[in-house]
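What would the 3D arrangement of this be:
(2 chains)
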Amino acid sequence: MKFAIALFSPPHAPSSRRALRFAQAALDEGHEIVRLFLYQEGVHSASSHVVSPQDELNLTQEWQTFVSDNQLDGVVCIAAALRRGVLDGDEARRYSRDGANLQEPWSLSGLGQLHEAVQVADRLVSFGGA
Amino acid sequence: MSKSVLIVSRQAPWAGPGAREALDIALAGGAFDLPLGLLFLDDGVFQLAPAQQPAALQQKDLAANLQALPMFGVGALYASARSLQERGLQEATLGLPVEVLDDASLTALFDRYDQVITL
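Just a heads-up that it's a prediction; the model follows:
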């Protein structure tokens, strides 16, 4: 089955951990993830500036490894990201900010990417919505 | 055929960017001519309240953006009757023409759409 996965909650929320575990399980079971889409507070899971205490789960690092190792399409809503201070190099330059903190392979794009993923996938599974 | 998407907006307009971000999903989808519905549920119905004064909270007026929904091709607008009633809002005074649905109709509404996004 083709899944689109949307994440709306911050990295420390239980729903964000569940999103990652669901995504891992989906691939383990032979399913396909057409796109991961981070929106609202979910954008922080793509930030390289999140520092977890050493004895706690480092979810942003786990996401980065997971998306990278599996060559997934990890998209972060640009408007939601800018509002929350998650910037790639281009946006940091555009708005004269000191540093970029969007971790590769995540990329910034628009909400059209969420809609497209929903159209392509058999199921949209959302985590951390209201 | 395109999959239909129901967006469920549950945040009050003053409760942070949630309401605006739910609306943005609807407007973006409307721009792609997708079959979309937008349901105002729970505190989300406060977005429809008349005579809001967002400037008092240094907030932008969400109502103007809501008015753009039909222009963006999002004409299927719904509100929960129970949510309105619990918050003392009258259908006749709402800032947007919405179809007010009782709980049984809400269940049918969720069944009608292929996908649901709740914010």
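
element containing A:Ile5, please.
If you go by DSSP states H and E, A:Ile5 is part of strand A:2-7.

Let me know the average pLDDT across that strand.
Strand A:2-7 shows an average pLDDT of 98 in the prediction.

what residues does it touch?
Applying C-beta atoms under 8 Å, 6 or more residues apart in numbering or on different chains, the set of residues contacting strand A:2-7 from outside is A:15-16, A:19, A:22-23, A:26, A:31-39, A:42, A:45, A:114, A:117-118, A:120-129, B:117. Bear in mind the C-beta positions are built from the backbone N, C-alpha and C, glycine included.

Just those residues: which are in helices?
In helices, defined here by DSSP state H, the members of the contacts of strand A:2-7 are A:15-16, A:19, A:22-23, A:26, A:114, A:117-118, A:120.

Would you mind measuring from the residue nearest to B:Gln90 when sequence neighbours are not counted to A:Arg84?
Here the nearest residue to B:Gln90 in space, its sequence neighbours aside, is B:Leu84; by C-beta to C-beta, 6 or more residues apart in numbering or on different chains that works out to 7.6 Å. Using C-beta to C-beta, to the nearest Å, one gets 32 Å for the distance from B:Leu84 to A:Arg84.

the more surrounded of these two?
The neighbour count for B:Leu84 versus A:Arg84, taken as other C-beta atoms under 10 Å in any protein chain shown, is higher for B:Leu84 (21 against 18).

circling back to that earlier point, buried residues in the strand holding A:Ile5?
By neighbour count on 16 or more other C-beta atoms under 10 Å in any protein chain shown, the buried set for strand A:2-7 is A:3-7.

Same check on stretch B:9-27?
Using 16+ other C-beta under 10 Å, the residues of stretch B:9-27 that count as buried are B:9-13, B:17-27.

How far off centre is that stretch?
Using C-alpha atoms, centre = their mean, to the nearest Å, the distance from the centre of stretch B:9-27 to the centre of the chain it belongs to is 8 Å.

Just the residues contacting that stretch, thanks.
Contacts of stretch B:9-27 with the rest of the structure, by C-beta under 8 Å, 6+ apart, involve A:39-40, A:79-80, A:83, A:111, A:114-115, A:130, B:7-8, B:36, B:38-44, B:46-47, B:52, B:54, B:57, B:59, B:62, B:65-66, B:68-69, B:72, B:74, B:117-119.
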